[in-house]
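[1] Mind folding the following:
(2 chains)
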Amino acid sequence: MSLLSTNTYVQCYHCGEDCDVHPILAHDKQFCCEGCRMVFEILNQNGMCDYYAISKNPGINQRIRVRENKFAFLDDGAIQQSLIVFKNDDETHISFYLPQIHCSSCLWLLENLHRLDDAIIRCKINFTRKEADIVFDQRFTSIRKIAELLTSIGYEPYISLKDIQHAKPTIDKSKIYKLGVAGFCFANIMLLSFPEYLGIDSKEQNLLVIFRYLNVLLSLPVFFYSGSEFYISAWKSLKHGFLNIDAPIVLSVIVTFCRSLYEVFTNQGVGYFDSMSGIVFFMLVGRVLQDKTYEQLSFERDYTSYFPIAVTKLKDKEEQTVPLPDIQLNDTLLIHSQELIPADGILTRGKALIDYSFVTGESIPVEKEMGEIIYAGGKQIGGNIELLVIKEVAQSYLTKLWNREELQKNKKDEERSFVHLLSRYFTWIFFAIAISAAVYWSFHDHAKMWTAATAVLIVACPCALLLSNTFTNGNILRRLGRNHFYLRNAQTIEDIANIDYIVFDKTGTLTTGEYHHIVYEGQPLNKEMKIKIASLAVQSTHPMSKAIASWLNESNRYELMVFEEFTGKGIEGIVENELIVLGSKTFVTDNALEKDIESTVYLKVGNTILGRFSFQNNYREKIPTLIKKLRNHYGLSVLSGDNDGEKKYLKDLLGHYANISFHQKPEDKLEAIQQLQRTGRKVMMIGDGLNDAGALKQANVGIAVTENSNTFTPASDGILQANQLHRLYTFIRLCKANKRIIMFAFIISILYNIVGLSFAVKGLLSPMKAAILMPSSTISILLITFGLSNLIAKKMSLK
Amino acid sequence: MSLSRATITNIFVDNQSNLVSVIILLLIASISVASLFLAAFIWSVKTGQYDDEASPPVRILFDDFKK
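    Purely as a prediction, here's the structure:
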């Protein structure tokens, strides 16, 4: 027996994690597990130890080894076809998603992949998307071998059902091109308009004409290409019978363009080409800033990104790999340890220990005996099991929940914003002014009628509103992102500001979902006894048993004389001539009449019950403070899929008006949200797992909480890093401030509009005045939006 | 030796047609230079140079490995 002290913290050379009690020694370095050592050996043999020099302990923990043959499905032709990007006679291009990429060492190692396998021609990493584009020679290696190579060095490719079902979305860059063209034309038109504004010798009239016609030429791409962004959006919403903010803008741009053309061709003046292209340019900048999304995050995940691409099927005692959609009724599937169950089925062999935390939120794994039904979505954490499929993948409980009709329709994003409503009032008022100006001049000076009316329409462009909206939204999105709160799009800001009810999931959201917090009640345990219990507890793979072993924090172990595990009940063993029993109350007291208390493990030594370990969920940092702040302003609910062990604590925390429900199935959660919405509530749902997916989608705002941005989150409107959850109230306040900033900037812009109007109705809006008004209003709006939003964020002590 | 100030003024100002042609020349030059930059911008977007802003600054610091 070794007697290493636990006090000295030994870091694994590969992954930097605590090496526990028995570090593995190799090459004068210490490793936490065989996996980490193996990765080191591979790199060492190939002279690639620079990996460890670039970042400190760059590796990924390898304690859970990936089983052999996991990637056997990659030998299947159909699956290969769906993964290959390009193929010719001597090279194949493939793209893998490697969620483990996190530092510059990863980048270096993966881009030097050709040193580990000669058949790999090159490997390029996209760091933000965590993707590796690999080019290899298919005559000397295969996709499977590459996947296995990546796995052997700790970067297991993540290949899910989604990869074969959907084509990869291409990023739309057209807006950027439009912006570039608009910028180019705007700058040149400005330059060519200067002589006109600054006065030019009448002798050089020819030159002026040249400038004017050049302006017409330069404005064509702006009008026909760059502006199309707005025409398309305006047309789309008009088709749906909705007048969005782009409609008056398009009207204004068209009026400006036509009047300018008329002026140039009748030789009356220069027109307003500079103002028009400037407006289009700045509005495009605003759109691009607002739409800059977080590429590395996905807000659209459905169950297909969680499900494996293929599973092992047993046919006539032989294992074969089949793609998931090809699974049929009555197939027998072999589910390996740590694999997700893809279809509902009956357990036919092996002992199942299913972790349903993914689906139900229940944090304790469920043990299933042969003959019991296992639902899809659970993760097998025991040994291998065999399963008889009773429902196809598309018919499974989990999948069906996902395909519910009400979740299929997307929220109509753009039609909800108050900006569109405001722009409509704005437009009607200006129309009225334009008509009255036209009527007035038709009586007094007929010649001025058209100039006045068109000038009003030029000024009437609600571009200032659009600018203040897009720039503020863009800035707030970036501010929130810097604080690890990522929103799907700008509309979500407004939705967050409008909510009046917040629903929390418990496990994984309010709590960390791990058992760190164990309370022992009973006779005190001495060191000797602790070692004995730890020696027993460490033998079982049950998470509760493991948690007790680590909670006892003893490094010494005794040999066990006898050890036996009773599935679903407990464990017993003889340690140093003493019988120790750990398990549920009925099991330990041996009295079937006793009622089991959930999340509690009893301890018996010899014939006396010494005490019990109760497991408490570990609440996230500062959650009570957050709840106290929120409950003054919002209705609160907790919907938990877990047992009601902590009802009392939650009741105290949320106040007595809060609605706390336990044993909530995914569809219960969804219905609870619908119920709230029927009573007119605007609901924000905060959850983390697949079990919340329906509720997240149904809610007005669904926020997914994640431990780090690598882990998968269900489809949602926003992704919040778990350690920032306590700042939720601050984030909501910032979203509320967003609307006030937009309104303020808008009022300022109306002042400019009044000045412009006063010229316009008199028929005196010269191109030069327009050219001064336009940039000055734009710049002051930019200053206001950026200044105010940054100031407010700073006041809220956000980064 | 060098052109007198008067001669320079003569070339650019006194002669009307000269002034126009010089300005047109300059216009063509300036717009074509600007178009070059526009083309460069579109090319850089198209080839994905803004797709991944994290790895290129790191990648450039790595030593090349000779096979």
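
[2] The closest residue in space to A:Glu34 that isn't next to it in sequence bridge partners, please.
    Once flanking residues are discounted, A:Glu34 sits nearest to A:Ile24: 6.6 Å by CB to CB, 6 or more residues apart in numbering or on different chains. Where C-beta positions appear, they are placed from N, C-alpha and C, glycine not excepted. Bridge pairing for A:Ile24 (DSSP bridges) gives the partners A:Phe31.

[3] What is the burial count for A:Ile24?
    A:Ile24 has 17 neighbours, counted by other CB atoms under 10 Å in any protein chain shown.

[4] Could you do the one 3 residues further on as well?
    By other CB under 10 Å, the residues close to A:His27 number 12.

[5] same question, A:Val288
    So A:Val288, with other CB under 10 Å, has 16 neighbours.

[6] One more: A:Val439?
    With other CB under 10 Å as criterion, A:Val439 counts 12.

[7] Now do it, the pLDDT please.
    As predicted, A:Val439 sits at a pLDDT of 88.

[8] Check the gap between it and A:Ala452 for me.
    For A:Val439, the distance to A:Ala452 equals 10 Å [CB to CB, to the nearest Å].

[9] Need the overlap of contacts for these two.
    Common contact partners of A:Val439 and A:Ala452 (CB atoms under 8 Å, 6 or more residues apart in numbering or on different chains): none.

[10] hmm, back to that, now for the residue nearest to A:Glu34: which residues touch it?
    By CB under 8 Å, 6+ apart, the contact set of A:Ile24 is A:30-34, A:36-37.

[11] Up against chain B, what does chain A have?
    When proximity is defined by CB under 8 Å from any CB of the partner chain, chain A lies next to chain B at A:50, A:54, A:104, A:107-108, A:111-112, A:114-115, A:125-129, A:171, A:173, A:176-177, A:180-181, A:184, A:187-188, A:191-192, A:203-204, A:206-207, A:210, A:214.

[12] Now list the buried members of those residues.
    Buried by 16 or more other CB atoms under 10 Å in any protein chain shown: A:54, A:104, A:107-108, A:111-112, A:114, A:125-129, A:176-177, A:180-181, A:184, A:187-188, A:191-192, A:204, A:207, A:210, A:214, out of the residues of chain A next to chain B.

[13] Those residues in strands, which ones?
    Using DSSP state E, the members of these that fall in strands are A:125-126.

[14] Could you pull up the mean pLDDT of the longest helix that chain B contains?
    The helix that spans the most residues within chain B, counting by DSSP state H, is helix B:16-46. Averaging pLDDT along helix B:16-46 gives 86.

[15] Then stretch A:271-288?
    89.

[16] CA atoms of it as CSV?
    Provided in CSV are the C-alpha atoms of stretch A:271-288 (Å, rounded to 0.1, in the frame of the first residue of the first chain):
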residue,chain,number,x,y,z
GLY,A,271,-29.0,66.3,-57.0
TYR,A,272,-28.6,64.5,-53.6
PHE,A,273,-26.5,61.6,-54.7
ASP,A,274,-24.0,62.1,-51.9
SER,A,275,-26.7,62.1,-49.2
MET,A,276,-28.4,59.1,-50.7
SER,A,277,-25.2,57.0,-50.9
GLY,A,278,-24.1,58.2,-47.5
ILE,A,279,-27.4,57.0,-45.9
VAL,A,280,-27.2,53.7,-47.6
PHE,A,281,-23.6,53.2,-46.5
PHE,A,282,-24.2,54.1,-42.9
MET,A,283,-27.4,52.0,-42.7
LEU,A,284,-25.4,49.1,-44.1
VAL,A,285,-22.7,49.6,-41.5
GLY,A,286,-25.3,49.5,-38.8
ARG,A,287,-26.9,46.3,-40.2
VAL,A,288,-23.5,44.6,-40.4
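
[17] ok now that stretch, how far from the chain's centre?
    Stretch A:271-288 sits 33 Å away from the centroid of its parent chain (CA atoms, centre = their mean, to the nearest Å).

[18] Show me what counts as buried in that stretch.
    Neighbour counts over stretch A:271-288 (16+ other CB under 10 Å) mark A:271-288 as buried.

[19] ditto for stretch A:643-660
    Residues of stretch A:643-660 classed as buried: A:645-646, A:650, A:653-654, A:658, A:660 (neighbour count, 16+ other CB under 10 Å).

[20] what's the distance between the residue lying closest to A:Lys736 once chain neighbours are set aside and A:Ile548?
    Nearest-residue entry for A:Lys736: A:Ala497, 4.4 Å, with adjacent residues in sequence omitted and distances by CB to CB, 6+ apart. From A:Ala497 across to A:Ile548, the span is 46 Å (CB to CB).

[21] circling back: which one of the contacts of A:Ile24 is nearest A:Gly227?
    Taking CB to CB as the measure, A:Gly227 lies nearest A:Cys36 of the contacts of A:Ile24, at 57.4 Å.

[22] So what's the residue count around that closest one?
    28.

[23] Now it: closest residue in space that isn't a chain neighbour?
    What sits nearest to A:Cys36 in space, not counting adjacent residues and going by CB to CB, 6+ apart, is A:His14, at 3.7 Å.

[24] swap in A:Val10?
    Take A:Val10 and drop its neighbours on the chain: the residue closest to it by CB to CB, 6+ apart is A:Cys19, 4.0 Å away.

[25] who touches the one you found in this structure?
    Taking CB under 8 Å, 6+ apart, we find A:Cys19 in contact with A:10-12, A:30-32.

[26] Lowest-confidence entry in those residues?
    Within the contacts of A:Cys19, pLDDT reaches its minimum at A:Val10, with 73.

[27] Return the residues in contact with that residue.
    A:18-19, A:23, A:30.

[28] And the residues you listed, which is closest to A:Tyr486?
    A:Asp18 (30.6 Å).

[29] Roughly how far does the closest one sit from chain B?
    28 Å (CB to the nearest CB, to the nearest Å).

[30] Identify the bridge partners of that residue.
    Under the criterion used (DSSP bridges), A:Asp18 bridges to A:Gln11.

[31] Just give me the neighbour total for it.
    Other residues within reach of A:Asp18, judged by other CB under 10 Å, total 13.

[32] show me what contacts it?
    A:Asp18 touches A:9-12, A:32, counting by CB under 8 Å, 6+ apart.

[33] pLDDT at A:Val264, what is it?
    On pLDDT, A:Val264 comes in at 89.

[34] Domain-wise, how is chain A divided?
    A:1-65, A:76-159, A:174-292+A:418-472+A:736-795, A:303-404, A:483-504+A:622-638+A:660-735, A:517-616 (automatic domain parsing).

[35] In contact with the residue lying closest to A:Tyr558 once chain neighbours are set aside, which residues?
    Once flanking residues are discounted, A:Tyr558 sits nearest to A:Ser535: 4.5 Å by CB to CB, 6+ apart. Going by CB under 8 Å, 6+ apart, A:Ser535 touches A:557-560, A:575.

[36] again, only using 6 Å
    A:557-558, A:575 (CB atoms under 6 Å, 6 or more residues apart in numbering or on different chains).
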